[in-house]
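the sequence and its predicted three-dimensional model are supplied below.
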Amino acid sequence: MEFTEIQQNLKAIAATVTDGCRLVAVSKYHPTSAIQECYNLGQRVFGESHEQELRLKQASLPKDIQWHFIGHLQTNKVKYIAPYITMIETVDSIKLLREIERQGAKNNRCINVLLELHIAQEETKYGLTKDACRQLLEEGEWREMEHVRICGLMTMASNTDNEEQIRQEFTEAANFFDELKERFFKDDASFSERSWGMSGDYLIAQQCRSTLVRIGTAIFGERQY
Ligand SMILES: *Cc1c(COP(=O)(O)O)cnc(C)c1O
């Protein structure tokens, strides 16, 4: 069998994903044919960040693909992904969580989510600060939600070449995960995911206890916007 360039990239990346960590192949802006190439090698978890793009891809690709939503999600878009999404990694408000609960109920399913943590230094990035995250959990409304399952944290490191800074940020996220686990999820085995690491920093992320790495460019090449 001959492998395409994307397939060779996927195999090389997959070989470096450590035990206890899973690969989310980030396919945004890449065609369904590229996703299918990865699917043919056994990859099942894909990440997309735009609802409309995801909707079209989901409709035309195999139904056993596990889609992770990794972009900023507007509340009015939740209804479109609620029927099939495997995990929404970018929950950053109680308002969004409420809408996911509402749509989960409508679809008679429990939707897995991650809380998006803002650790990086850039101001433009979305996500909850550690304090906002603590507050959301302390207020406790999530405990009544039967159609949402909070499975862990997602974060992005600063966009920098400074490896020490990246390592420091992922370590901070990992420590914060432990704090939340202890305070709110001690008896909840579902709270187990730490989604950090992209093409440029996933090796560092894995050393900082990542359980999901979200890799696009290193598999699919540069995105065509
Ligand atoms: C695009 C994106 C990725 C993948 O980034 P690459 O550098 O292409 O690997 C990972 N996470 C999020 C949230 C993204 O938006």
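Here it is on my side, so go on. Numbering: from 1, shown residues only.

just the pLDDT for residue 124.
On the pLDDT scale, residue 124 is placed at 63.

so residue 29 sits right up against residue 222, yeah?
No: the pair residue 29 and residue 222 fails to qualify as a contact (C-beta atoms under 8 Å) at a distance of 9.2 Å. Glycine gets a C-beta too; all of them are placed from N, C-alpha and C.

so if I had to pick from these two, which one is more boxed in?
Using other C-beta atoms under 10 Å as the criterion, residue 29 and residue 222 rank with residue 29 on top: 16 against 9.

with adjacent residues omitted, what lies nearest to that one?
residue 223 (3.9 Å; C-beta to C-beta, 6 or more residues apart in numbering).

for the one you found, give its distance to the ligand.
Distance from residue 223 to the ligand, counting by C-beta to the nearest ligand atom, to the nearest Å: 7 Å.

could you report the neighbour count for residue 221?
Residue 221 has 13 neighbours, counted by other C-beta under 10 Å.

now whichever helix in the chain runs longest: buried residues?
Secondary structure of the chain per DSSP state H: the longest helix is helix 163-184. Using 16 or more other C-beta atoms under 10 Å as the test for burial, helix 163-184 gives 166, 167, 169, 170, 172, 173, 174, 176, 177, 180, 184.

same check, this time on stretch 140-150
Applying a neighbour-count criterion of 16+ other C-beta under 10 Å, one finds 142, 145, 147, 148, 149, 150 buried in stretch 140-150.

quick check: which of these are also close to the ligand?
Checked against the ligand using C-beta under 6 Å from any ligand atom, the buried residues of stretch 140-150 give no members in range.

in helices only, show me those residues.
Among these, no member is found in helices (DSSP H).

now the residues you listed in CSV, with pLDDT and distance to residue 192?
Below are those laid out as CSV (pLDDT from 0 to 100; distance: C-beta to C-beta, whole Å):
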residue, pLDDT, distance to residue 192
142, 98, 16
145, 98, 18
147, 98, 19
148, 98, 16
149, 98, 11
150, 98, 11
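
ok, those vs the ligand, which is closest?
Taking C-beta to the nearest ligand atom as the measure, residue 150 is the one of the buried residues of stretch 140-150 closest to the ligand, at 18.1 Å.

which parts of this protein sit against the ligand?
26, 28, 49, 70-71, 156, 198-200, 214-218.

and those residues, which are buried?
Among the residues of the chain next to the ligand, those scoring as buried are 26, 28, 49, 70, 71, 156, 198, 214, 215, 216, 218 (criterion: 16+ other C-beta under 10 Å).

surely the first one and residue 213 touch.
The reference is to residue 26. No: between residue 26 and residue 213 there is no contact under C-beta under 8 Å: 9.6 Å.

in the protein, which ranges drop under the pLDDT threshold?
In the predicted model, the chain carries pLDDT under 70 at residues 124-125.

start to end distance for stretch 199-218?
Terminal residues of stretch 199-218 lie 5 Å apart, using C-alpha to C-alpha, to the nearest Å.

that stretch: how far from the chain's middle?
In terms of C-alpha atoms, centre = their mean, to the nearest Å, the centre of stretch 199-218 is found 11 Å from the chain centre.

got the contact list for that stretch?
Here stretch 199-218 makes contact (C-beta atoms under 8 Å, 6 or more residues apart in numbering) with 9, 13, 16-18, 20-28, 30, 47, 68, 70, 89, 152, 154, 157, 163, 166-167, 170-171, 173-174, 177, 192-198, 219, 223.

tell me which of those fall in strands.
22-26, 47, 68, 89, 152, 154, 193-195 (DSSP state E).
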